[in-house]
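In: Have a look at this prediction, sequence included:
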Amino acid sequence: MKTKQIILTGLFAALTAVGAMITIPLPFSPVPITLQILFTLLAGIILGSRYGALSQLIYLFLGGIGLPVFAGGSGGFQALVGPTAGYLWGFVLAAFVVGLIAEHRSSLKTDIFAMLIGIILIYLPGMMGLHWIAGLSFSKAFALGVLPFIPGDLTKVLLAALIKRQLSSRVPFIFGEEG
């Protein structure tokens, strides 16, 4: 791992933590709206599969040891096994798969496709966690943990695609593993 990857991996772990601080609680759902997904998607699309996933693992580690980096300033091991833990673990999976797709081909369409897959990979374990741990039915888990977030997360996908395009033309050295 080179200096650039170390810095960027740590940066995206930190940005995901910052994204967790920007929280809009929904009175009808145990899952708040945050900007974590935006930075998770950007980690995958910019850092690639290995370092994108590593940035999210670092984020989970920091939260797991008790730093207040999860949504609403929470932290601790219980968040990694609680009702919304599936979303957190989905960040790692999403960053990896988004990065993997983006490593094979980079275009606006491919980036958007990769990030849509990433969103699904966050929703699925999140919904499973709500079902298994919170005891919600699948339909209720979908209604409370997925459906309200679709419009905002689609907006985040488009925003991430635009940010990536701007960064690739203005600071191209951050992309790729060389350097």
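Out: Arrived safely, thanks for sending.
In: Quickly find the element holding the residue positioned nearest the centre of the chain.
Out: With distances taken as Cα atoms, centre = their mean, the residue of the chain nearest its centroid is Thr40 (2.9 Å). Taking DSSP states H and E as the definition, Thr40 sits inside helix 36-64.
In: How about Leu167?
Out: Short version, using DSSP H and E: Leu167 is in helix 150-170.
In: Show me what that helix is packed up against.
Out: The contact analysis (3 or more Cβ pairs under 8 Å, 6 or more residues apart in numbering; DSSP states H and E) places helix 150-170 against helix 36-64, helix 108-132. All C-beta atoms are positioned from the backbone trio N, CA, C, and that covers glycine.
In: hey, which of these is tucked in deepest?
Out: helix 36-64 (a mean of 25; mean count of other Cβ atoms under 10 Å).
In: what's the closest non-adjacent residue to Gly48?
Out: Once flanking residues are discounted, Gly48 sits nearest to Gly99: 4.2 Å by Cβ to Cβ, 6 or more residues apart in numbering.
In: just checking, the one you found touches Leu41?
Out: No - applying Cβ atoms under 8 Å as the test, Gly99 and Leu41 come out as separate, 9.9 Å apart.
In: ok, residues contacting the helix holding Leu167?
Out: 33, 35, 37-38, 41-42, 45-46, 108, 111-112, 115-116, 119, 174-175 (Cβ atoms under 8 Å, 6 or more residues apart in numbering).
In: Quick check: next helix or strand after the helix holding Thr40?
Out: Following helix 36-64 in sequence, per DSSP H and E, is helix 77-81.
In: Regarding Ser29, what is its secondary structure?
Out: Per DSSP: H, G, I helix; E, B strand; the rest coil, the local secondary structure of Ser29 is coil.
In: Need the per-residue pLDDT for it.
Out: Reported pLDDT at Ser29 in the predicted model: 84.
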